[in-house]
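Enquirer: Fold the following, please.
(chains A and B)
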Amino acid sequence: MSDDTDGPVRFMPQLIGLDYTIRTNPVAAAFGAALAEGHITGHRCPSCQRVYAPPKGYCPICCVATGADDLVEVADRGLITSWTVLTPIQYAGQKEREDYALASILLDGADGTIGQQRLTDVPLDEIRMGLRVEAVWAPPDERVGDDRGYGLGTAVSGWRPTGEPDAPPSAYQDHTL
Amino acid sequence: MRDVAIVSFATSGALPAVEDTETQMLFPVISEAIERSGIPRADIGFTCSGSADYLAGTPFAFVGNLEAVGAWPPISESHVDMDGAWALYEAWVRLQHGDVDVALAFSSGISSRSDLREVLCLQNDPYYLMPLWADHGSLAGLQARAAADAGLIPEADTTVATPPSSDGAAAVIMVAGDRAREVCERPAWIRGIEHRSDPHYLGVRDLTDVASARLAAEAAGVGDAPVEVAELSAAHPHEEVLLRRALGLGDEVEVHTGADPLMVSGLVHIGEAFRQINEHGRQRTVGHASSGACLQQNLVCVLEGDA
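Expert: Numbering: from 1, shown residues only, chains lettered A, B, ... in the order given. Modelled structure (predicted):
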């Protein structure tokens, strides 16, 4: 850029910000309220019996609506199906300093995994498929559900090994993520 | 060309401000369109959707919306970042290939989460108009001014109001060939469907002449026979005047207008043009969709019932 203000304009900053107000949908709101009480809930499809946690309000495979009649509680423990170790780049605003792991977790009683869950209390080189983990709940006043109905918001601060034997491959072979 | 007919249509109508996700909003609408057609969901050979993730502010919402379709086992599908009328056009083209007989076109729009006067600025060119934050209401006012100066509209119609846009969803089932008559008592045959676009930059356009709408209407054959009802995506009185001229619609043509919900209204107009034939005994109707600033892009669909 030139300091010459008399010349033709060659560069111009153009900062764009758009604001959105997203209302929490009723299915996610009920899920978040249960999370605040320490319960992870889902919907069981009345057609195929698959349990979606968090619930969607429908089964995307059978294309049937689900609601309060289909509500089930799933466990706050399960097994790791997949994981990634992240090395945080120290850009401005980065809060992470050390390598850490995010995992997909198949909760007991659910048929789909919950993604991008923080693992704690486990060395990074000991994480493996089938490792049994349990939720580390945040204090009750810090449990804020995810407005979009995905994940667990801030209700669960991480997942730690239970010390149980690993689940066999048959328990997670249908889950690539 | 292969004969293709619309056999089913469903819409949520214009909703004030949905709490549901876009997928939740779409779910009952798509199911209703499929159920009304009487065709098993698994028989749908091609699916195309129209929506804009900028409206709801949810990246890749159009991918998640497939959960409302039934996409397992995997299906053949596509998406356009446009009004659902263009999704219907792509599905119609796909049916022309000849190997697929049933298609679903659907669209969704959630405008209540944002300020369209901001969001729609991003559809302007990034060099001249975008930095001015020239919103769609102001640009519509320029077109109204031009129309008034040309003596096409009364001075009173130059005040352009832009109320908040609503949310909504719509879905249409199309069937090729004789099967359309088997599943539908009175299908609406697509006798012409075309779309054209005016230049992006408003400064090179004559805003009193919607050339793209005129060319699309000519190519679709609107004037080849009398039109009983025209469904026009016109948001303002001056847009109806300009579109009537562009499509060559006389005063005898019954016209219904509206441009709400955004991304959905064009498909709804085509769906309503179908209903005029399917439910109200009309013989020849026109559905129109528009997108962009000052009626920049236009799609025209001519529908006819069986004689």
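
Enquirer: Below-threshold pLDDT in chain A: ranges please.
Expert: Within chain A, the stretches with pLDDT under 70 are A:1-4, A:146-150.

Enquirer: which secondary structure elements does the helix or strand containing A:Trp83 contact?
Expert: Using DSSP states H and E, the element containing A:Trp83 is strand A:77-86. Applying 3 or more C-beta pairs under 8 Å, 6 or more residues apart in numbering or on different chains; DSSP states H and E, we find strand A:77-86 packed against strand A:100-107, strand A:132-137. C-beta coordinates here come from the backbone N, C-alpha and C atoms, glycine included.

Enquirer: what does chain B have sitting close to chain A?
Expert: B:17-21, B:23-24, B:27-28, B:31, B:41, B:54, B:56-58, B:66-72, B:113-115, B:118-119, B:122, B:126, B:130-131 (C-beta under 8 Å from any C-beta of the partner chain).

Enquirer: Could you write me a ChimeraX select line covering just the buried ones among these?
Expert: What follows is the ChimeraX syntax selecting those of the residues of chain B next to chain A that are buried according to 16 or more other C-beta atoms under 10 Å in any protein chain shown:
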select /B:18,19,20,21,23,24,27,28,31,41,54,56,57,58,66,67,68,69,70,71,113,114,119
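
Enquirer: Give me the subset of the residues of chain B next to chain A lying in helices.
Expert: Judged by DSSP state H, helices contain the following of the residues of chain B next to chain A: B:Thr23, B:Gln24, B:Phe27, B:Pro28, B:Ser31, B:Tyr54, B:Ala56, B:Glu118, B:Val119.

Enquirer: So for the residues you listed, which is the shakiest by pLDDT?
Expert: Sorting these by pLDDT puts B:Ala56 at the bottom of the list (88).

Enquirer: Please tell me I have it right and B:Val241 contacts B:Pro154.
Expert: No. Checked against C-beta atoms under 8 Å, the pair B:Val241 and B:Pro154 is beyond contact range at 9.7 Å.

Enquirer: circling back to that earlier point, may I see the helices and strands packed on strand A:77-86 arranged in JSON lines, with distance to A:Gly93 and mean neighbour count as well?
Expert: What follows is these, written out as JSON lines (distance: least, C-beta to C-beta, whole Å; neighbours: other C-beta atoms under 10 Å in any protein chain shown):
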{"stretch": "strand A:100-107", "distance to A:Gly93": "17", "mean neighbour count": "21"}
{"stretch": "strand A:132-137", "distance to A:Gly93": "25", "mean neighbour count": "19"}
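
Enquirer: Could you point out which of the ones you listed sits nearest chain B?
Expert: When the helices and strands packed on strand A:77-86 are ranked by proximity to chain B, the top entry is strand A:100-107, at 17.8 Å, counting by C-beta to the nearest C-beta.

Enquirer: Including distance to chain B, could the helices and strands packed on strand A:77-86 go into TSV?
Expert: As requested, those are arranged in TSV below (distance: least, C-beta to the nearest C-beta, whole Å):
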stretch	distance to chain B
strand A:100-107	18
strand A:132-137	25
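
Enquirer: Now render those as a markdown table, adding distance to B:Val210.
Expert: Formatted as a markdown table, the entries for the helices and strands packed on strand A:77-86 read as follows, by distance: least, C-beta to C-beta, whole Å:
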| stretch | distance to B:Val210 |
| --- | --- |
| strand A:100-107 | 52 |
| strand A:132-137 | 59 |
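
Enquirer: what's the closest of those to B:Pro164?
Expert: Closest approach to B:Pro164 among the helices and strands packed on strand A:77-86 is made by strand A:100-107 (38.9 Å; C-beta to C-beta).

Enquirer: Tell me which two of the ones in helices among the residues of chain B next to chain A sit farthest apart.
Expert: Pairwise distances across those peak at 33.8 Å for B:Ser31 and B:Glu118 (criterion: C-beta to C-beta).

Enquirer: Not counting residues beside it along the chain, what's closest to residue 136?
Expert: Using chain A. On the basis of C-beta to C-beta, 6 or more residues apart in numbering or on different chains, the spatially nearest residue to A:Val136 that is not a chain neighbour turns out to be A:Gly158, at 4.6 Å.

Enquirer: Chain B, not that one
Expert: By the measure of C-beta to C-beta, 6+ apart, the closest residue to B:His136 outside its immediate chain neighbours is B:Leu120, 4.4 Å from it.

Enquirer: count of residues packed around that neighbour?
Expert: Applying the criterion other C-beta atoms under 10 Å in any protein chain shown, we find 24 residues in the vicinity of B:Leu120.

Enquirer: Which parts of chain A are strands?
Expert: Defined through DSSP state E, the strands belonging to chain A, from first to last, are A:40-44, A:51-52, A:58-59, A:64-65, A:71-74, A:77-86, A:100-107, A:114-118, A:132-137, A:156-161.

Enquirer: residue contacts, the residue in the stretch 201-307 of chain B that chain A sits nearest to?
Expert: When distances are taken as C-beta to the nearest C-beta, the stretch 201-307 of chain B reaches nearest to chain A at B:Leu262, 14.8 Å away. B:Leu262 makes contact with B:Ala52, B:Leu55, B:Asp83, B:Gly109, B:Ser111, B:Leu116, B:Ser165 under the criterion C-beta atoms under 8 Å, 6 or more residues apart in numbering or on different chains.

Enquirer: mind running it again at 10 Å?
Expert: Neighbouring residues of B:Leu262 by C-beta atoms under 10 Å, 6 or more residues apart in numbering or on different chains: B:51-52, B:55, B:83, B:107, B:109-111, B:116, B:119-120, B:136, B:165-168, B:235, B:291.

Enquirer: Over to A:Trp83?
Expert: A:Trp83 is in contact with A:101-105, A:116-117, A:119, A:122, A:124, A:127-129, A:131, counting by C-beta under 10 Å, 6+ apart.

Enquirer: which one is it nearest to, not counting chain neighbours?
Expert: Nearest non-adjacent residue to A:Trp83, counting by C-beta to C-beta, 6+ apart: A:Ala103, 3.8 Å away.

Enquirer: May I have the beta-bridge partners of the one you found?
Expert: Using DSSP bridges, the bridge partners assigned to A:Ala103 are A:Trp83, A:Gln117.

Enquirer: residue nearest the centroid of the chain?
Expert: In the absence of a named chain, chain A is used. Nearest to the geometric centre of chain A sits A:Gly151, at 2.9 Å (C-alpha atoms, centre = their mean).

Enquirer: my bad, chain B
Expert: The geometric centre of chain B, computed from its C-alpha atoms, lies nearest to B:Gly266 (C-alpha atoms, centre = their mean), at 1.7 Å.

Enquirer: And what about that residue, helix, strand or coil?
Expert: Recorded secondary structure, B:Gly266: helix (DSSP: H, G, I helix; E, B strand; the rest coil).

Enquirer: list the contacts for it?
Expert: With contacts defined as C-beta under 10 Å, 6+ apart, the neighbours of B:Gly266 are B:50, B:82-89, B:107, B:170, B:195, B:231-233, B:259, B:287-291, B:297-299, B:301.

Enquirer: Surely B:Ala169 is within a strand?
Expert: Yes. If the criterion is three-state DSSP, then B:Ala169 is within a strand.

Enquirer: Any residues of chain A in contact with chain B? List them.
Expert: With C-beta under 10 Å from any C-beta of the partner chain as the criterion, chain A meets chain B at residues A:12-14, A:16-29, A:56-65, A:148-150.

Enquirer: and those residues, which are buried?
Expert: With neighbours counted by 16+ other C-beta under 10 Å, the residues of chain A next to chain B contain buried members at A:22, A:24-25, A:27-28, A:56-65, A:148-149.
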